[in-house]
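Colleague: Here is my input; please provide its structure:
(one chain, ligands or ions: 1)
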Amino acid sequence: MCLELQLHSQRDDFTLNIELTLPQTGVSALFGPSGSGKTSCLRAMAGLDRFSGGYFSVNGEVWQDDKQGIYLATHQREIGYVFQEASLFPHLNVEQNLLFGHRLTRPEKRKVSISDTCELLSISHLLTRRPSCLSGGERQRVSIARALLSSPKLLLMDEPLSALDATLKQEIIPYLERLHQQLSIPVVYVSHDLEEVKRLADYMVFLEQGRVSQQAYLSNLNLEPQARTQQHYLKAV
Ligand SMILES: Nc1ncnc2c1ncn2[C@@H]1O[C@H](COP(=O)(O)OP(=O)(O)OP(=O)(O)O)[C@@H](O)[C@H]1O
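Modeller: Here you go, the predicted model:
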């Protein structure tokens, strides 16, 4: 069992030619320069963007197959999605935000409890606060908790740390490592930070100009060339 994604699509002057097979468990990172198609892949998996010529299955369940006319809308896909910026409801407190994700899931499908999730992400003491009274790292931890509370079959994370400064990033990474150890669902994690990916991912996909240039378990990869490219890029900006 695994995740399979195929996208063969043209959007304006950008061509996506993706053939991906990701492992059923653990964290798979989509890594590549800006504009290489990472978010497009994630949005296709979530059903947020519909690309023609698409196929997507999660552990045997087909969520899109254009040849057979199958396409599940976002609300029919059992996913958790964590965006770059925490997207919490500002008028609800933390507990109400969490309950929102939980209530959307039918009781028989709930795999995690609010208390366990709060403990996992150390947010129990924040339940009565409004999002505006949280730090960026706390907000992002609440967003992750809300995504988990929908008991998803797949967790999609689009550069969840990119809006945080270096200190907050260091604060939140251990929580992501803990999630990694405790979650049994697949996580697809978009990033263009090689150090982050090296700490969190098991499997890595390199994207370049809408194509997969390489995919393998991290333990089988030599990341020196990518590290050099990233150093070069960081010096240049
Ligand atoms: N709605 C859209 N319509 C047309 N083209 C788009 C749309 N969204 C993105 N693109 C184009 O698709 C290409 C891939 O974008 P995408 O956001 O997937 O890249 P990315 O690797 O996630 O980039 P970044 O790291 O900067 O977020 C880019 O050329 C982008 O301009």
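
Colleague: wait, Leu98 sits on Leu149?
Modeller: Yes. Counting by C-beta atoms under 8 Å, Leu98 does reach Leu149; the two are 5.7 Å apart. Every C-beta, even on glycine, is put in place using the N, C-alpha and C of the backbone.

Colleague: Which one's more surrounded, those two?
Modeller: Just comparing Leu98 and Leu149: by other C-beta atoms under 10 Å the higher neighbour count belongs to Leu149, 26 against 22.

Colleague: how close does the more buried one sit to the ligand?
Modeller: Distance of Leu149 to the ligand, given as C-beta to the nearest ligand atom, to the nearest Å: 26 Å.

Colleague: wait, isn't that residue in contact with Ser115?
Modeller: No. Applying C-beta under 8 Å as the test, Leu149 and Ser115 come out as separate, 10.9 Å apart.

Colleague: re the thing from before, now do the shared contacts for Leu98 and Leu149.
Modeller: 114, 117 (C-beta atoms under 8 Å, 6 or more residues apart in numbering).

Colleague: Give me the three-state assignment for the residue nearest the centre of the chain.
Modeller: In the chain, the centroid-proximal residue (C-alpha atoms, centre = their mean) is Met157; its distance is 1.8 Å. Following DSSP: H, G, I helix; E, B strand; the rest coil, Met157 is assigned to strand.

Colleague: Confirm for me that it is in contact with Leu183.
Modeller: No. Counting by C-beta under 8 Å, Met157 sits too far from Leu183 to count as a contact (11.4 Å).

Colleague: Next to the ligand, which bits of the protein? Give me the list.
Modeller: By C-beta under 6 Å from any ligand atom, the residues of the chain that approach the ligand are 11-12, 14, 32, 34-40, 192.

Colleague: one more time with 5 Å, if that's ok
Modeller: 11-12, 14, 34-40 (C-beta under 5 Å from any ligand atom).

Colleague: Out of those residues, list just those in strands.
Modeller: 11, 14 (DSSP state E).

Colleague: from the residues of the chain next to the ligand, which single one is nearest Arg103?
Modeller: Thr39 (28.2 Å; C-beta to C-beta).

Colleague: mind checking pLDDT for that closest one?
Modeller: On the pLDDT scale, Thr39 is placed at 94.

Colleague: same check, this time on Ala86
Modeller: 78.

Colleague: from memory it sits against Ala145, does it?
Modeller: No. In this structure Ala86 lies outside contact range of Ala145 using C-beta under 8 Å: 10.7 Å.

Colleague: Neighbour count for those two, which is higher?
Modeller: More neighbours surround Ala145 than the other of Ala86 and Ala145, with 29 against 22 (other C-beta under 10 Å).

Colleague: Please report how far Glu108 lies from the ligand.
Modeller: 36 Å.

Colleague: so what's the residue nearest to the centre of the chain bridging to?
Modeller: Taking DSSP bridges, one obtains Val82, Tyr189 as the residues bridged to Met157.

Colleague: Please name the residues that touch Met204.
Modeller: Taking C-beta under 8 Å, 6+ apart as the test, what Met204 contacts is 28-29, 31, 197, 214-218, 221.
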